[in-house]
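Asks: Sequence first, predicted coordinates after that:
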Amino acid sequence: MSKKLEDIHKRHAIIKSIISSQEIYNQTQLVKVLKHNGIKVTQATLSRDLTELGVGRVPTAKGATYKINAMGEEPSLKLHVADEIVSVISNESLVVIKTLQGRAQGVALFLDKSILTESIGTLAGDDTVIAIPRSTKTIEKTINQLKNILGIK
């Protein structure tokens, strides 16, 4: 195994350990905890690691925290994601999903991991996700697919 691959496996193991043992609310906090554990990582690398590990943000009483998704947790995660959606609106070219404050990135990650046949991708801010349809001619179909994936009416 190459040194680089060993480093990735070691970093992934430490990230899983940290997320499993304490409440992590954002990537900045996780970067600091990793640094304290001797791991220097960029935000871009950390985002990639979290995606590879299946880490998502789950709402708690204290705010959304990172959790590692176990196999078969998708349906319960879908129920939580639906609770984070405020509205879904569109114009002629984009679909805008308004979320609770601080929840947009988790919703976008959930959508990106889903099979989006009608959308080419998402872009997330703090409380807004923009979903980009494959075609402006299929906005309604895109909205319906997004609502179905998100578990909302």
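Replies: Ah, there it is. Note that the structure is a prediction, hence the values are computed from the model and not measured.

Asks: Where do the helices of the protein begin and end?
Replies: 3-21, 27-36, 43-53, 74-83, 104-113, 139-150 (DSSP state H).

Asks: what's the least confident stretch among those helices?
Replies: Lowest mean pLDDT within these: helix 74-83, a mean of 63.

Asks: Next, count neighbours for Ala49.
Replies: Quick fix: residue 49 is Asp, not Ala. When neighbours are defined as other Cβ atoms under 10 Å, Asp49 has 19 of them. To be clear about C-beta, it is placed using only N, CA and C from the backbone, and glycine gets the same treatment.

Asks: who are the neighbours in contact with it?
Replies: By Cβ atoms under 8 Å, 6 or more residues apart in numbering, Asp49 lies in contact with 8, 11-12, 15, 41.

Asks: Retrieve the pLDDT associated with Ser119.
Replies: At Ser119, pLDDT is 89.

Asks: Ser119 reaches Leu146, doesn't it?
Replies: Yes - if you go by Cβ atoms under 8 Å, Ser119 and Leu146 touch, sitting 6.9 Å apart.

Asks: quick one, which of the two is more surrounded?
Replies: Set Ser119 next to Leu146 and count neighbours by other Cβ under 10 Å: Leu146 wins out with 25 against 21.
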